[in-house]
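Trainee: I'll drop the sequence and a predicted model, then ask my questions.
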Amino acid sequence: MSDKIPAEELRIVYGQIVRGCSYFHSEKFGEIAIKHLTQYDTELLDIKKEKYKRIAEKEGLPTEKERVNDLMEEGLWTRQNELDVESSRKFISKMEDTKNKMALKSEIRRIAASVEEEEKKLTALLEEKKDLVGLTSESYSEKKVNDYYIYLSLYRDSKFDKPLFSEPEFDEISENDLTALIVHFNKSTRTLAQINLKRIALSHFFLNNFYLCENNPYVYFGKPVVELTYHQADLFSYGRYYKHVMSEMKSPLTNEMMDNPDLLTEQHSIEQNKESVLKDTADSGTASTVVGATKDDLESLGVAATQNMGETVDLNDELSKKGGTMSMEDIIKLHGQ
């Protein structure tokens with residue numbers, strides 16, 4: 001299921017972020033307010049996690065490292081499996097670095113597709129490992145702290161004066177009731193996914209206020225940074241980042257970019273890398289081959305149909321003449337330089 005919500009709902013989510021609160025209705029427990037957590041709440045979660053881990057180890061649950069060693073002795077998980085996981089992570093990291101240096105949209109998207117495919121393989125490997133490892137002190141504490149996260153988040157009102165449960169009550173809640181609350185919680189907070197925060201950061205209703213606060217989160221939210229919810233901090237960070245990106249953009253922003261901020265980031269990266277490639281080419285006096293330079297690539301580089309000696313140059317024709325590939329020297333010549 002996609003986390004991307006309709007554009008007309010973004011303002012509602014923006015309001016929830018500013019207030020630091022979301023809502024849902026439970027047939028059994030009525031109207032429930034979800035508190036957006038802060039760094040202070042995370043401290044409580046970390047303390048609880050260590051507590052649950054100690055309890056698990058005291059009860060005799062093995063650590064993940066111990067279980068992996070056992071699996072290796074049994075031949076169910078091998079050193080090669082571990083190397084495959086490590087290799088996959090390195091590949092993804094390297095490809096991301098490479099993508100950030102590319103100036104051709106087709107190459108960027110080809111690399112992105114390779115990364116996505118590798119991420120699927122890595123996820124499958126890690127899921128296999130998780131299933132084999134089973135219950136450990138770490139996984140037990142992770143499950144318990146996730147439940148405690150729900151406890152910390154649920155209140156009877158938006159002032160957060162009355163928790164939905166006391167700790168003893170929450171400890172006694174049935175598995176069915178807890179599962180139902182988690183389902184409601186996940187559905188209500190899915191709208192706060194990063195893709196939607198990025199889109200809000202590019203929206204007019206956010207930017208109108210953001211440009212008045214002079215990059216000061218205290219002016220925007222009226223409280224110190226350490227008291228911001230994680231969603232507030234993320235939204236403000238995206239606002240600063242996209243403000244910087246837009247200040248450097250040479251091509252106009254499109255509605256498509258506003259609705260899919262990754263396209264804006266992609267175009268910004270292309271423009272930044274293009275300048276570097278053109279400078280290197282001019283300095284060296286040599287041509288750098290642009291592999292697979294399509295019409296779409298050239299338009300992203302700002303090299304669409306151009307004028308040369310009073311005649312319009314058709315990029316499709318020029319690409320056909322070059323067999324679908326154009327060097328940087330070819331592109332420069334299209335400008336009559």
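Mentor: Yep, that arrived.
Trainee: quick one, helices of the stretch 201-337 of the chain?
Mentor: 204-210, 217-221, 230-248, 255-259, 261-284, 295-300, 315-321, 328-334 (DSSP state H, counting those that start in this stretch).
Trainee: I'd like to know which helix or strand in this protein has the lowest mean pLDDT.
Mentor: Lowest on mean pLDDT, DSSP states H and E among the helices and strands of the chain sits strand 306-308, with a mean of 41.
Trainee: backbone phi and psi for E31, please?
Mentor: Per-residue torsions, E31: phi -70, psi 130 (degrees, to the nearest 10).
Trainee: pLDDT averaged over stretch 216-224 - what is it?
Mentor: In this model, stretch 216-224 has an average pLDDT of 96.
Trainee: residues making contact with it?
Mentor: Contacting residues not belonging to stretch 216-224 are listed as V18, N209, F210, L212, C213, V225, L228, Q232, A233, F236 [CB atoms under 8 Å, 6 or more residues apart in numbering]. C-beta here means a position set from N, CA and C on the backbone, and glycine is covered the same way.
Trainee: which ones are touching the fourth one?
Mentor: Meaning L212. Applying CB under 8 Å, 6+ apart, the residues near L212 are V219.
Trainee: Pull up the per-residue confidence for it.
Mentor: Reported pLDDT at L212 in the predicted model: 94.
Trainee: That one and G20: what is the separation?
Mentor: 21 Å (CB to CB, to the nearest Å).
Trainee: Could I have the buried ones of the contacts of stretch 216-224 as ChimeraX selection syntax?
Mentor: ChimeraX command restricting those to the buried ones, with burial defined by 16 or more other CB atoms under 10 Å:
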select :18,210,228,232,233,236
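Trainee: Could you give the number of residues near the closest residue to F29 other than its chain neighbours?
Mentor: Leaving out its chain neighbours, the residue that sits closest to F29 by CB to CB, 6 or more residues apart in numbering is L164, at 6.4 Å. For L164, the count of nearby residues is 20 (other CB atoms under 10 Å).
Trainee: got it, and V183?
Mentor: 12.
Trainee: Equivalent analysis for H268, please.
Mentor: Counted with other CB under 10 Å, the neighbours of H268 add up to 19.
Trainee: Quick check: it touching K250?
Mentor: No. The pair H268 and K250 does not pass the contact test of CB atoms under 8 Å, sitting 9.5 Å apart.
Trainee: about what we covered before: out of the helices of the stretch 201-337 of the chain, which gets the lowest mean score?
Mentor: For these, the weakest mean pLDDT is recorded on helix 328-334, namely a mean of 54.
Trainee: domains of the protein?
Mentor: Here the domain assignment for the chain is 25-189, 194-259, 287-337, based on automatic domain parsing.
Trainee: could you dump these to CSV with distance to K4?
Mentor: Supplementary listing: the domains of the chain in CSV, determined by distance: least, CB to CB, whole Å:
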stretch, distance to K4
domain 25-189, 15
domain 194-259, 5
domain 287-337, 23
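Trainee: if we compare these, which one ends up closest to S2?
Mentor: domain 194-259 (8.4 Å; CB to CB).
Trainee: Check the offset of that closest one from the chain's centre.
Mentor: 15 Å (CA atoms, centre = their mean, to the nearest Å).
Trainee: rewinding a little: which one of the contacts of stretch 216-224 is nearest F91?
Mentor: Distances from F91 to the contacts of stretch 216-224, taken by CB to CB, are shortest for A233, at 30.9 Å.
Trainee: How about that closest one, nearest residue that isn't a chain neighbour?
Mentor: Spatially, and ignoring its direct neighbours in sequence, A233 is nearest to V225 (7.1 Å; CB to CB, 6+ apart).
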